[in-house]
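Colleague: Following is a predicted model, sequence given first.
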Amino acid sequence: MPIHAFVDETKVRGLTVVTAIFEPRDLAHARSVMNSLRMKGQERLHFKSERDSRRRQIMTAICELPVVVDIYDTWPATTTREARPAVLHRLIADLASNGAHRMVLEQDDSVMHADRRTLYESVRAHGVEGRLVYEHLRAKSEPLLWIPDAVAWCWVKDNNWRERAKPVVRNVVTV
(Lines give C-alpha, C1' and ligand atoms only; values in the text may rest on other atoms or scores of the structure.)
Protein backbone atom coordinates (compact mmCIF):
# COMPACT_ATOMS: atom_id res chain seq x y z
CA MET A 1 0.00 0.00 0.00
CA PRO A 2 1.41 3.44 -0.87
CA ILE A 3 2.35 5.57 2.10
CA HIS A 4 2.15 9.30 2.73
CA ALA A 5 4.96 11.17 4.48
CA PHE A 6 4.81 14.51 6.30
CA VAL A 7 8.12 16.27 6.90
CA ASP A 8 9.29 19.04 9.21
CA GLU A 9 12.60 19.89 10.80
CA THR A 10 14.32 21.68 13.62
CA LYS A 11 17.61 23.52 13.39
CA VAL A 12 18.20 23.61 17.13
CA ARG A 13 21.17 21.22 17.12
CA GLY A 14 22.36 20.94 13.56
CA LEU A 15 19.51 19.84 11.32
CA THR A 16 17.05 17.21 12.46
CA VAL A 17 14.42 16.22 9.90
CA VAL A 18 11.40 14.24 11.07
CA THR A 19 9.05 12.30 8.81
CA ALA A 20 5.63 11.09 9.97
CA ILE A 21 4.43 8.19 7.83
CA PHE A 22 0.84 7.07 7.36
CA GLU A 23 -1.07 4.62 5.25
CA PRO A 24 -3.78 6.39 3.21
CA ARG A 25 -6.63 4.70 5.10
CA ASP A 26 -5.48 6.41 8.32
CA LEU A 27 -5.16 9.98 7.02
CA ALA A 28 -8.70 11.25 7.67
CA HIS A 29 -8.80 9.93 11.23
CA ALA A 30 -5.34 11.33 12.03
CA ARG A 31 -6.26 14.76 10.64
CA SER A 32 -9.43 14.74 12.72
CA VAL A 33 -7.51 13.90 15.89
CA MET A 34 -4.90 16.58 15.25
CA ASN A 35 -7.55 19.20 14.46
CA SER A 36 -9.40 18.32 17.67
CA LEU A 37 -6.29 19.25 19.67
CA ARG A 38 -6.34 22.88 18.53
CA MET A 39 -7.48 25.41 21.09
CA LYS A 40 -10.21 27.87 20.20
CA GLY A 41 -8.81 30.44 17.77
CA GLN A 42 -5.66 28.44 17.11
CA GLU A 43 -4.89 27.98 13.39
CA ARG A 44 -2.40 25.21 13.98
CA LEU A 45 -0.38 23.43 16.63
CA HIS A 46 3.19 24.64 16.94
CA PHE A 47 4.95 22.71 19.64
CA LYS A 48 7.39 25.41 20.70
CA SER A 49 4.43 27.68 21.51
CA GLU A 50 2.53 25.19 23.68
CA ARG A 51 2.59 24.85 27.47
CA ASP A 52 4.12 21.65 28.85
CA SER A 53 0.72 20.30 29.90
CA ARG A 54 -0.54 20.73 26.32
CA ARG A 55 2.64 19.18 24.96
CA ARG A 56 2.02 16.10 27.08
CA GLN A 57 -1.60 15.92 25.90
CA ILE A 58 -0.58 16.30 22.24
CA MET A 59 2.18 13.69 22.47
CA THR A 60 -0.20 11.22 24.12
CA ALA A 61 -2.64 11.68 21.24
CA ILE A 62 0.13 11.33 18.63
CA CYS A 63 1.36 8.11 20.24
CA GLU A 64 -2.14 6.65 19.91
CA LEU A 65 -2.25 7.30 16.15
CA PRO A 66 -1.26 4.69 13.54
CA VAL A 67 1.88 6.60 12.61
CA VAL A 68 5.55 5.74 12.43
CA VAL A 69 8.24 8.37 12.51
CA ASP A 70 11.70 8.36 10.98
CA ILE A 71 14.27 10.86 12.23
CA TYR A 72 17.20 12.06 10.13
CA ASP A 73 19.85 13.65 12.31
CA THR A 74 22.79 15.53 10.82
CA TRP A 75 24.63 16.37 14.03
CA PRO A 76 27.41 17.41 13.84
CA ALA A 77 26.91 18.72 10.29
CA THR A 78 28.88 21.79 9.38
CA THR A 79 25.93 23.80 8.07
CA THR A 80 22.23 23.30 7.43
CA ARG A 81 22.84 24.40 3.85
CA GLU A 82 25.16 21.43 3.31
CA ALA A 83 23.15 18.97 5.40
CA ARG A 84 19.68 19.58 3.95
CA PRO A 85 20.31 18.19 0.42
CA ALA A 86 21.97 15.09 1.90
CA VAL A 87 18.98 14.50 4.17
CA LEU A 88 16.49 14.99 1.34
CA HIS A 89 18.39 12.54 -0.89
CA ARG A 90 18.41 9.94 1.90
CA LEU A 91 14.75 10.61 2.69
CA ILE A 92 13.73 10.12 -0.95
CA ALA A 93 15.77 6.90 -1.13
CA ASP A 94 14.00 5.56 1.96
CA LEU A 95 10.56 6.64 0.79
CA ALA A 96 11.17 5.14 -2.66
CA SER A 97 12.11 1.79 -1.14
CA ASN A 98 9.01 1.89 1.09
CA GLY A 99 6.56 2.60 -1.73
CA ALA A 100 5.70 6.17 -0.78
CA HIS A 101 3.14 7.90 -2.95
CA ARG A 102 3.14 11.42 -1.46
CA MET A 103 5.49 13.58 0.57
CA VAL A 104 4.48 16.90 2.11
CA LEU A 105 7.16 19.21 3.48
CA GLU A 106 6.38 22.16 5.70
CA GLN A 107 6.86 25.21 3.53
CA ASP A 108 9.91 27.28 4.35
CA ASP A 109 10.24 29.94 1.68
CA SER A 110 13.96 30.37 2.36
CA VAL A 111 14.77 26.81 1.18
CA MET A 112 11.93 26.00 -1.20
CA HIS A 113 13.83 26.70 -4.42
CA ALA A 114 16.82 24.60 -3.35
CA ASP A 115 14.49 21.86 -2.05
CA ARG A 116 12.69 21.62 -5.36
CA ARG A 117 15.95 21.22 -7.25
CA THR A 118 17.19 18.56 -4.82
CA LEU A 119 13.86 16.69 -4.82
CA TYR A 120 13.61 16.80 -8.61
CA GLU A 121 17.06 15.25 -8.94
CA SER A 122 16.55 12.71 -6.19
CA VAL A 123 13.15 11.47 -7.37
CA ARG A 124 14.61 10.80 -10.81
CA ALA A 125 17.78 9.22 -9.44
CA HIS A 126 15.71 6.77 -7.38
CA GLY A 127 13.35 5.93 -10.23
CA VAL A 128 10.14 7.16 -8.62
CA GLU A 129 9.29 9.99 -11.00
CA GLY A 130 5.54 9.99 -11.47
CA ARG A 131 5.09 7.63 -8.53
CA LEU A 132 6.23 9.84 -5.64
CA VAL A 133 4.60 13.26 -5.57
CA TYR A 134 6.07 15.95 -3.33
CA GLU A 135 4.82 19.37 -2.32
CA HIS A 136 5.45 22.15 0.16
CA LEU A 137 2.49 23.28 2.27
CA ARG A 138 2.03 25.71 5.12
CA ALA A 139 1.49 23.95 8.45
CA LYS A 140 -1.88 25.60 9.01
CA SER A 141 -3.22 23.87 5.86
CA GLU A 142 -2.05 20.33 6.74
CA PRO A 143 -2.60 19.09 10.32
CA LEU A 144 -0.37 16.06 9.81
CA LEU A 145 2.63 18.41 9.57
CA TRP A 146 2.05 19.14 13.25
CA ILE A 147 3.22 15.63 14.11
CA PRO A 148 6.81 15.91 12.84
CA ASP A 149 6.95 19.40 14.39
CA ALA A 150 6.04 17.93 17.79
CA VAL A 151 8.38 14.94 17.54
CA ALA A 152 11.28 17.12 16.33
CA TRP A 153 10.82 19.47 19.29
CA CYS A 154 10.75 16.54 21.73
CA TRP A 155 13.72 14.83 20.11
CA VAL A 156 16.11 17.76 20.55
CA LYS A 157 14.69 19.15 23.81
CA ASP A 158 15.87 16.65 26.44
CA ASN A 159 15.71 12.98 27.38
CA ASN A 160 12.34 13.28 29.18
CA TRP A 161 10.66 14.68 26.08
CA ARG A 162 12.54 12.30 23.81
CA GLU A 163 11.11 9.38 25.83
CA ARG A 164 7.60 10.72 25.19
CA ALA A 165 8.24 10.60 21.43
CA LYS A 166 9.95 7.19 21.31
CA PRO A 167 6.76 5.08 21.02
CA VAL A 168 6.23 6.36 17.46
CA VAL A 169 9.88 6.49 16.38
CA ARG A 170 10.76 3.67 14.00
CA ASN A 171 14.23 4.71 12.79
CA VAL A 172 16.89 7.24 13.66
CA VAL A 173 19.31 7.77 10.80
CA THR A 174 22.49 9.81 11.01
CA VAL A 175 23.19 11.50 7.69
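Modeller: Cool, got the structure. These numbers were taken from a predicted model, which means no experiment stands behind them.

Colleague: what mean pLDDT does stretch 60-80 have?
Modeller: Confidence for stretch 60-80, expressed as mean pLDDT, is 89.

Colleague: what stretches of this protein score poorly on pLDDT?
Modeller: Low-confidence segments of the chain, defined by pLDDT under 70, span residues 1, 77-78.

Colleague: Please, where are all the strands along it?
Modeller: 3-10, 16-22, 68-73, 100-106, 133-137, 169-174 (DSSP state E).

Colleague: Buried ones in the fourth one, by neighbour count?
Modeller: Spelled out, that is strand 100-106. Within strand 100-106, the residues that count as buried by 16 or more other CB atoms under 10 Å are 100, 102-106. Heads up, the C-betas are built off the backbone N, CA and C, glycines and all.

Colleague: which residue ranges form the helices in the protein?
Modeller: 27-36, 52-63, 80-97, 112-125, 146-157, 159-165 (DSSP state H).

Colleague: Which stretch among the ones you listed approaches residue 10 most closely?
Modeller: When the helices of the chain are compared by CB to CB, helix 146-157 sits nearest residue 10, at 4.2 Å.

Colleague: residue at max distance from the center of this protein?
Modeller: residue 40 (24.6 Å; CA atoms, centre = their mean).

Colleague: follow-up on the earlier one: turn the strands of the chain into TSV, columns for distance to residue 113.
Modeller: Compiled in TSV, the strands of the chain are given as follows (distance: least, CB to CB, whole Å):
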stretch	distance to residue 113
strand 3-10	17
strand 16-22	18
strand 68-73	21
strand 100-106	13
strand 133-137	10
strand 169-174	25
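
Colleague: Residue 58: which of those is closest?
Modeller: It's strand 16-22; of these, that one is closest to residue 58 (CB to CB) at 13.0 Å.

Colleague: what's the closest one in contact with?
Modeller: Here strand 16-22 makes contact (CB atoms under 8 Å, 6 or more residues apart in numbering) with 3-10, 30, 66-75, 84, 87-88, 91, 95, 98, 100, 103, 144, 147-149, 151-152, 155-156, 168, 170.

Colleague: Assess the claim that residue 23 and residue 5 are in contact.
Modeller: No. In this structure, residue 23 sits apart from residue 5 without contact. The criterion is CB atoms under 8 Å, and the distance is 11.1 Å.

Colleague: These two: which is more packed in?
Modeller: residue 5 (25 against 14; other CB atoms under 10 Å).

Colleague: Leaving aside the residues adjacent along the chain, what's closest to the more buried one?
Modeller: Leaving out its chain neighbours, the residue that sits closest to residue 5 by CB to CB, 6 or more residues apart in numbering is residue 103, at 4.5 Å.

Colleague: How about residue 33?
Modeller: By the measure of CB to CB, 6+ apart, the closest residue to residue 33 outside its immediate chain neighbours is residue 61, 5.8 Å from it.
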